[in-house]
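Q: model the structure of this input:
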Amino acid sequence: MKRITKAILPVAGFGTRVLPATKAVPKEMLTIVDRPALQYVVDEAVEAGIEHFIFVTARGKGSIEDYFDSAYELEDTLQRKGKTEIYDSLKAKQPLEGTMSFIRQQQAKGLGHAVWCARDIIGDDPFAVLLPDVLIQSKTSCLAQMVEAYHEVGGNIIAVDEVPEDRVSSYGVIKPKAGEDFKSKRIVAMDGMVEKPAVNEAPSNLKITGRYILQPELMGLLKDQAAGAGGEIQLTDAMARLMTTQDFHAFAYEGQDYDCGSKLGYFEAVMAYARRHPEIGKDVCNMISQSASQG
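A: Okay, the predicted model is just below:
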């Protein structure tokens, strides 16, 4: 079983749900307290042992590359002014040379196409996919939990989370194999996925959360995958095809996810991360309490 050392982060989307901010700032670079949302996703992957990050970008996303690059003028100024603590925190987050690749998705053909754009770098290795507009707050990073599950069962792993049954029509949900459930274990075999099913037709209330561990054979299927929902090449369609020949498991991670691609989800994420911030968390909790008491 090969280790999971490569991760694809699709960052080519327009961020239409959080316009007008994303006219000028990529949605992945919107700030959550004191750092871009994308930094939290990268940190999650680093904790899981990821060694090479593949960013699938598009026109207007240059600030993502700049963010992960060194900034000599800023660093020199911080050093000369004796702001060593800030300097050290910046350097600690700077990736090693050669550990990040940036490739272009010239046309918005969907998530499946974005993943396929990374095929040459992935090669014959299993890989992770992390959707950067989903943040997951947890004691142990979600992807690290998934890697542990992967070492136990192998194959392909999809992170899932329970949602109220009356809301399943808003998500893609998984279909567990007959007799499989999460009552006694966190990993269950699955044999299908359904995108936004009707409430009375949903095979489960387990939504797909935006974290995947996938085998390289998926790339061959994405190469000729026909357009699906919305006229786009859907990752879930190719996974469904791969499911006929390879094992897929759903993994119920421990943690809370936030959809930063929506205005409300972004606001929830800011509040959640601010409350746990080591410097301002206590003051933030006090502010929220005072605001609630004032109505």
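Q: contacts only, for Asp181.
A: Listed by Cβ atoms under 8 Å, 6 or more residues apart in numbering, the contact partners of Asp181 are Val188. To be clear about C-beta, it is placed using only N, CA and C from the backbone, and glycine gets the same treatment.
Q: repeat for Met271
A: Neighbours of Met271 in contact, by Cβ under 8 Å, 6+ apart: Val284, Ile288.
Q: can you name every helix or strand that the helix or strand of the chain with the lowest mean pLDDT contacts?
A: Every helix and strand in the chain was compared by mean pLDDT, DSSP states H and E; the lowest is helix 84-93, with a mean of 82. Contact analysis of helix 84-93 by 3 or more Cβ pairs under 8 Å, 6 or more residues apart in numbering; DSSP states H and E lists helix 72-80 as its packing neighbours.
Q: what separates the helix it packs on from the chain centre, distance-wise?
A: Mean-position distance between helix 72-80 and its chain equals 32 Å (Cα atoms, centre = their mean, to the nearest Å).
Q: packing partners for it?
A: Checking 3+ Cβ pairs under 8 Å, 6+ apart, helix 72-80 ends up next to helix 84-93.
Q: hmm, who's touching the helix it packs on?
A: With Cβ under 8 Å, 6+ apart as the test, helix 84-93 has contacts from Arg35, Gln39, Ala71, Leu74, Glu75, Leu78, Gln79.
Q: list buried residues within these.
A: Arg35, Gln39, Leu78 (16 or more other Cβ atoms under 10 Å).
Q: dump the residues you listed to JSON lines, plus distance to Glu165.
A: Output for these, formatted as JSON lines (distance: Cβ to Cβ, whole Å):
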{"residue": "Arg35", "distance to Glu165": "36"}
{"residue": "Gln39", "distance to Glu165": "35"}
{"residue": "Leu78", "distance to Glu165": "52"}
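Q: from Gly98, how far out is Ile4?
A: 18 Å (Cβ to Cβ, to the nearest Å).
Q: how about Ile50?
A: 14 Å.
Q: which one of the two has more residues nearby?
A: It is Ile50, of Ile50 and Gly98, that has more neighbours when counted by other Cβ atoms under 10 Å, with 23 against 8.
Q: and the helices in the stretch 101-250 of the chain, which stretches?
A: 111-116, 119-122, 142-153, 217-223, 235-242 (DSSP state H, counting those that start in this stretch).
Q: which one of the ones you listed lies nearest to Lys23?
A: Among these, the nearest to Lys23 by Cβ to Cβ is helix 111-116 (21.1 Å).
Q: I'd say Gln94 and Ser70 touch.
A: Yes - in this structure, Gln94 is within contact of Ser70 by Cβ atoms under 8 Å, at 6.2 Å.
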